[in-house]
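> Turn this into a model:
(chains A and B)
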Amino acid sequence: MTAAFLSRGGRSPVRPVKVVASVAAGVVLLLVLPYLLAPYQTLLLTYGLVMAIAALGFNLLLGYTGLLSFGHSAFFGVGAYAVAFMVKYLDLASMELFIVGATVASALVTALFGLVCVRYTRIFFSILTLALSQVLWSLAFKFFWVTGGTDGLRVPTPRLLGRAVAASEDKTTFLVHAYYTYVLVLFLACVALMWVIVNSPFGKALQAIRDNETRAEFVGVQIWRYRWIAFMVSGVFTGLAGALWVPLNGLTTPDILYWPFSGEIVFMAVLGGFRTFTGPIIGAIVFNYLKTYAVGFTVYWQLLLGVILVTLVLALPTGITGSAGQLLARLRRAA
Amino acid sequence: MGIILIHILNALLYASVLFLIAGGLSLIYGVMRIVNLAHGNLYAIGAYVTAWVVGQWLVGAPTVVLYLLIPAGALAAAAAGAIIEPTLLRRFYKRAEEYQLLVTFGLLMILEDVVRFIWGPYPLSASVLWSELGSIAIGDALYPTYNLLVIAVGGVAAAFLWVFVYRTRFGVVLRAASQDMRMAAALGINVNRVYVQAFTLGCFMAGLAGAIIVPSQSAVLGMSVDALILAFIVVVIGGLGSLEGALVGALVVGVVREAGIALFPEIELALLYLIAAIVLLVRPAGLFGRTA
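Below is the predicted model of the structure:
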């Protein structure tokens, strides 16, 4: 029994060299994909990566802290609207400034919401996050002279690192190449950052709170403060995803603040498997393809997605990663 | 004076419908400890079925018959509930809350499209029942008589439920089951039967709300999600699992909405959510709830 075996909690042995090699291969593949795929496919992948950042942030609460938020549309929306406001009222076009602005805005909103929400757990936490997110939705909906109401606000393609869209370049080429790479780099940075967070003492404390609140408190973990910080980190990741989503979509409407959108984020985490680190990432990318093709395939796409969700919860509660892991383990035992 | 009276009547109209929806949601939570995100869809089913029966299927039938057929929507919603509980929800009572929320969210998506599949994307109306009754003069303004009928139905339903829950044997069983399910089961109560009865009754109330309101508004897609959010506010203010709470919460929301639409239309909804958030902060279990 090797040390690596022990550190994986009795799971299959994984050599670090192998992990580094497969991660590097994955990154290289992601970098060359725009040259291999049709532009539309790359666009879909970009949407998927953006949603993966949101789901990654969301899962810090559900998977690692044990809090089910039904209000993450609020933070996604705050990020998106922060960018739209910077375009409309400050006449800015720099993506870096957008990211800073969206991060600050979502940090402020999550700090405020978090103060209220983390005092509760279980169903009350879910309802409270839902109710607060709908305050923002109704404001975006009703104050149409500020937010554009249901028409939303348009956001043109931004400048990346000071470089604008060249006159020779059309918008699709820009989104598929420059913007995709930009999103990919930020996505990888977010994954690395989240990996560090969940494996830090802070992340371990969150998991301790999730597993047994009373014991965690006895060990000296200040529960509400840890939950509050986790809530903020989670919200800022989702806000960043909102900021990256707007230029891609070109438009932000109150729909992304409405609570069924929060439901979609929850769906992603569960689809991928919220008990694993990679689950929400895979779930978000797969969900994005699933929804796009379901919408294209039938007007009854909600029915299709609903059936998938119910089946998932009934038969595969560990999601894609959990079920794949079980399948692999069974195959290995059979071999 | 007449204007104020009309505002009060409008607030009561909202409150009646909301009480029926939220009361059903609360009843189901009280007995099964499950928050049904698809509850608004049962309200929509009630509205669509009644609108279809009255406005399409039996159009031209004697008006008296049509008035008597209003409860058809409520019965359809109850039937849907009687199917959903034993086949789907029952597997989830022992599982974590996130799975319960997820399965009802999936159910919401399914029912939303089932309604679209059956009745199509266009609004369905039963306005003949609304216009047939005309309006009555209140002060120097006119008020639709049908709205008074809705308020009356809401009041009668509240009274009927109170008698049902506090004065019948079934009510005793229901309250016993919601207080301590294991003890109730140990005393020989058929728990599964109580579950399906309570769920069916909750769905009946939601369906009745949809059925009585549809002559004055049309049945449209998306009505379920809007109704669910308002019902949430009602039960958060009143307390999940409490019928008295649902009544008080519905009155609060009815008054705030009516005042909001007249005085501060932009922040009317935001104000409702804020009231709900403040109540949760001050009394986490709601005004009439008990802590779990």
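> Now do the one helix or strand residue B:177 maps to, average pLDDT.
Residue B:177 belongs to helix B:169-179 when assigned by DSSP states H and E. With pLDDT averaged residue by residue, helix B:169-179 scores 85.
> how about it: buried residues?
Of all the residues in helix B:169-179, those buried under the rule 16 or more other CB atoms under 10 Å in any protein chain shown are B:173, B:174, B:176, B:177, B:178. All C-beta atoms are positioned from the backbone trio N, CA, C, and that covers glycine.
> does that helix come close to chain A?
No. No part of helix B:169-179 sits near chain A under the criterion CB under 8 Å from any CB of the partner chain; the closest distance found is 15.6 Å.
> Could you list the residues in contact with that helix?
Outside helix B:169-179, the residues within contact range by CB atoms under 8 Å, 6 or more residues apart in numbering or on different chains are B:30-31, B:164-165, B:183-184, B:187, B:189, B:191, B:194, B:197-198, B:241.
> Stretch A:323-335 - what's its average pLDDT?
85.
> so what's the most centrally placed residue in chain A up against?
Nearest to the centroid of the C-alpha atoms of chain A, with distances taken as CA atoms, centre = their mean, sits residue A:54, at 1.5 Å. Going by CB under 8 Å, 6+ apart, residue A:54 touches A:72, A:76, A:237, A:238, A:241, A:242, A:265, A:268, A:284.
> ok so it is a strand residue?
No. Using DSSP: H, G, I helix; E, B strand; the rest coil, the secondary structure at residue A:54 is helix, not a strand.
> The chain: strands as residue ranges?
Just so you know, I chose chain A. A:153-154, A:251-252 (DSSP state E).
> Not quite, go with chain B.
Listed in chain order (using DSSP E), the strands of chain B are B:135-138, B:141-144.
> for the strands of chain A, which one ends up most surrounded?
For these, ranked by mean neighbour count under the definition mean count of other CB atoms under 10 Å in any protein chain shown, the leader is strand A:251-252 at a mean of 20.
> Report all helices and strands that it contacts.
Judged by 3 or more CB pairs under 8 Å, 6 or more residues apart in numbering or on different chains; DSSP states H and E, strand A:251-252 is in contact with helix A:73-90, strand A:153-154.
> Can you check which of these gets nearest to chain B?
Distances from chain B to each of these were compared using CB to the nearest CB; the minimum, 11.1 Å, belongs to helix A:73-90.
> Check which residues of the closest one are buried.
Residues of helix A:73-90 classed as buried by neighbour count (16+ other CB under 10 Å): A:73-88.
> There's contact between residue B:185 and residue B:191 in this structure, I believe.
Yes. Under the criterion of CB atoms under 8 Å, residue B:185 is in contact with residue B:191, at a separation of 4.8 Å.
> Can you pull out the low-pLDDT segments for the chain?
Assuming you mean chain A. A:1-14, A:165-168 (pLDDT under 70).
> think we crossed wires, I meant chain B
In the predicted model of chain B, residues B:1, B:290-292 satisfy pLDDT under 70.
> so who does whichever residue of the stretch 51-200 of chain A sits closest to chain B touch?
Shortest the stretch 51-200 of chain A-to-chain B distance, computed as CB to the nearest CB: residue-wise this is residue A:138, at 3.5 Å. Under the criterion of CB under 8 Å, 6+ apart, the neighbours of residue A:138 are B:267, B:268, B:269, B:270, B:273.
> count of residues packed around the last one?
When you say that, I think you mean residue B:273. Burial of residue B:273 is recorded as 24 neighbouring residues (other CB atoms under 10 Å in any protein chain shown).
> That one against residue A:131, yeah?
Yes. Taking contacts as CB under 8 Å, residue B:273 lies within contact range of residue A:131: 4.9 Å.
> Please enumerate the shared neighbours of these two.
Taking CB under 8 Å, 6+ apart as the contact rule, residue B:273 and residue A:131 both touch residue B:233.
> Which parts of the stretch 101-250 of chain B are helices?
Using DSSP state H, counting those that start in this stretch, the helices of the stretch 101-250 of chain B run over B:127-132, B:145-167, B:169-179, B:181-186, B:191-213, B:223-238, B:243-263.
> Could you check those helices and tell me which one is nearest residue B:24?
Closest to residue B:24 of these, according to CB to CB: helix B:191-213, at 3.6 Å.
> and that closest one, what other elements does it pack with?
The criterion is 3+ CB pairs under 8 Å, 6+ apart, and the helices and strands that helix B:191-213 contacts are helix B:2-32, helix B:39-52, helix B:72-87, helix B:145-167, helix B:169-179, helix B:181-186.
> Check the offset of the longest one from the chain's centre.
In this case it means helix B:2-32. Centroid separation for helix B:2-32 versus its chain: 8 Å, with CA atoms, centre = their mean, to the nearest Å.
> If you count contacts, what does it end up packed against?
Helix B:2-32 is packed against helix B:39-52, strand B:135-138, strand B:141-144, helix B:145-167, helix B:169-179, helix B:191-213, helix B:223-238, helix B:243-263, with contacts defined by 3+ CB pairs under 8 Å, 6+ apart.
> out of these, deepest packed?
Burial among the helices and strands packed on helix B:2-32, expressed as mean neighbours by mean count of other CB under 10 Å, is greatest for helix B:39-52, which shows a mean of 30.
> Any residue of it touching chain A?
No. Contact between helix B:39-52 and chain A, assessed by CB under 8 Å from any CB, is absent, since the two come no nearer than 10.6 Å.
> Packing partners of that helix?
Of the remaining helices and strands, those touching helix B:39-52 by 3+ CB pairs under 8 Å, 6+ apart are helix B:2-32, helix B:72-87, helix B:97-119, helix B:191-213, helix B:223-238.
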